[in-house]
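Engineer: Give the three-dimensional model of this entry:
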Amino acid sequence: MKKKSILLSLIAVPFIIGCNGSTTTNASQKLNNSTVTISGSVPGTLIEAFCNDGTYVKVSSTQNGTSQHPFEISIPKNTECKLVMTTNENSQDNRVITPIGFINGSTQGTTLSLNSDLNLDYIPLAMQYSVITDLDGNHVTDTPMHIELNSTVGMNLTDSPVYDSDNNMLLDAYEDDDNNGIVNAYEDDDNDNIPNIQDDDNHNNYPDYLEDDDNDGVLNIKDDKNDNTNPDYTEDNDNDGIANYLDDDNKNCYPDYVEHKLLKKDDAKGSKGSSDEKNKGSKGSSDKDECTYSPIPTPPTTPPTTPPTTGVLFATDVMPVFDAKCKSCHGSQGKFTVTTVLGTYNNLMNNSFIDTATPSNSIILLRASGTGHGGGTILPTNSTDYNTIKNWIMAGALNN
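Structural biologist: As a prediction, this is how the structure comes out:
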């Protein structure tokens with residue numbers, strides 16, 4: 001399906017075509033309904049889809065040795081979704097975040113629903129921040145890039161809000177709530193050196209900041225009931241060193257701070273513990289098999305599959321492989337660095353070297369086995385070291 005043209009912002013700017021070495025990754029929920037696929041090619045780019053049924057999907061274009069990297073992203077069929085594409089996503093200074101819109105005949109919009117696959121061909125996204133129009137300095141283009149299609153059938157276009165808790169026609173993920181020049185997606189709300197967009201501490205295949213722990217229709221990133229400028233989910237109301245959204249002392253699958261309503265202004269002080277008489281949300285069970293709560297705004301019909309347990313530990317099994325086989329070349333220099341256990345783990349996660357959806361597509365495994373590797377030690381795919389790393393990724397790539 002051919003495009004007629006790409007309509008850019010009102011001020012024409014040149015586009016520099018390049019690549020940033022991205023590989024395919026997936027951080028979506030397990031899509032249970034029928035899906036459609038949007039495909040095309042871009043310069044090295046992160047592609048995200050936000051859908052009004054609670055689906056969130058992200059993929060990275062596949063490096064193929066050219067400046068036009070192919071991608072495919074699956075979204076629910078006949079469901080309103082918005083697309084955002086980001087080049088240089090790991091560079092705070094040179095990141096370019098581009099909302100995508102569409103023109104189809106006499107209709108245009110930034111929210112689309114499809115009942116069949118869509119091929120967008122090549123999309124010439126900006127690769128340099130200096131060439132875009134961004135008056136507020138948050139690295140989001142001031143106007144969407146509208147892709148003109150050739151009267152595509154099976155498509156509906158609107159500007160309906162999606163993932164927009166405050167109904168201001170902007171995606172919550174790409175607002176800059178604290179006006180510091182960094183949009184919510186690339187903040188680090190829980191100070192763990194992992195940007196929100198990559199942070200999934202409860203391993204349910206949703207970034208923590210896009211969840212809605214208390215099911216009030218407001219995403220965690222926007223939810224601050226005690227008005228202290230910190231998102232409620234990142235706080236530690238009972239001072240036990242565990243953030244609210246991970247704190248479930250009675251193990252009933254409800255965050256304790258939701259059960260105790262600790263964030264209500266009339267109850268915010270002095271409420272501690274998770275099994276006292278104030279607990280009105282408890283399901284009365286500590287059996288994980290009986291858990292029914294899901295913090296996803298619109299839960300899927302089947303919960304995400306739990307990664308298999310392999311017994312492989314990052315600190316004691318994976319790090320020795322990196323130390324022995326990689327550190328001599330990948331010390332503190334280059335994109336992949338082997339330093340401390342925590343430093344190495346954060347490096348892997350911050351640079352999208354791990355693909356838990358398809359472990360063999362993880363860039364760390366592709367490079368280790370020789371694909372695109374400039375030299376040094378190679379780990380054959382049938383080697384113990386290679387399979388140690390792969391089994392760790394299959395188990396969820398935990399910092400264990």
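
Engineer: What mean pLDDT does stretch 213-221 get?
Structural biologist: For stretch 213-221, the mean per-residue pLDDT is 81.

Engineer: Other residues contacting it?
Structural biologist: Residues outside stretch 213-221 that contact it (CB atoms under 8 Å, 6 or more residues apart in numbering) are 163, 165, 172-173, 177, 184, 189, 196, 208-212, 223, 231-233, 244-245, 255, 257-258, 295, 297. C-beta: built from backbone N, CA, C; applies to glycine.

Engineer: Of those residues, select the buried ones using a PyMOL command.
Structural biologist: Selection command for PyMOL covering only the buried members of the contacts of stretch 213-221, criterion 16 or more other CB atoms under 10 Å:
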select buried, resi 163+165+172+173+184+189+196+208+209+210+211+212+223+231+232+233+244+245+255+257+258+295+297
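
Engineer: Can you tell me which of the contacts of stretch 213-221 end up in helices?
Structural biologist: If you go by DSSP state H, those have 257-258 in helices.

Engineer: so what's the residue nearest in space to the middle of the chain up against?
Structural biologist: In the chain, the centroid-proximal residue (CA atoms, centre = their mean) is residue 197; its distance is 4.2 Å. Residue 197 is in contact with 58, 89, 173, 185-186, 207, 209, counting by CB under 8 Å, 6+ apart.

Engineer: for those residues, which one is nearest residue 37?
Structural biologist: residue 58 (14.7 Å; CB to CB).

Engineer: what about the stretch 1-150 of the chain, any weak spots by pLDDT?
Structural biologist: Across the stretch 1-150 of the chain, the ranges flagged by pLDDT under 70 are 1-33.

Engineer: where do the strands sit along it?
Structural biologist: Per DSSP state E, counting those that start in this stretch, the stretch 1-150 of the chain carries strands over the ranges 3-7, 35-42, 45-51, 56-60, 69-76, 81-87, 96-104, 107-109, 111-114, 118-122, 145-149.

Engineer: can you list those strands in CSV and add mean neighbour count and distance to residue 218?
Structural biologist: Converted to CSV, the strands of the stretch 1-150 of the chain look like this (neighbours: other CB atoms under 10 Å; distance: least, CB to CB, whole Å):
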stretch, mean neighbour count, distance to residue 218
strand 3-7, 14, 34
strand 35-42, 19, 27
strand 45-51, 24, 15
strand 56-60, 23, 16
strand 69-76, 20, 22
strand 81-87, 24, 18
strand 96-104, 22, 21
strand 107-109, 17, 25
strand 111-114, 22, 20
strand 118-122, 17, 31
strand 145-149, 20, 29
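
Engineer: Next, format these as a markdown table and append distance to residue 373.
Structural biologist: As requested, these are arranged in a markdown table below (distance: least, CB to CB, whole Å):
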| stretch | distance to residue 373 |
| --- | --- |
| strand 3-7 | 35 |
| strand 35-42 | 24 |
| strand 45-51 | 23 |
| strand 56-60 | 19 |
| strand 69-76 | 19 |
| strand 81-87 | 24 |
| strand 96-104 | 29 |
| strand 107-109 | 44 |
| strand 111-114 | 38 |
| strand 118-122 | 28 |
| strand 145-149 | 35 |
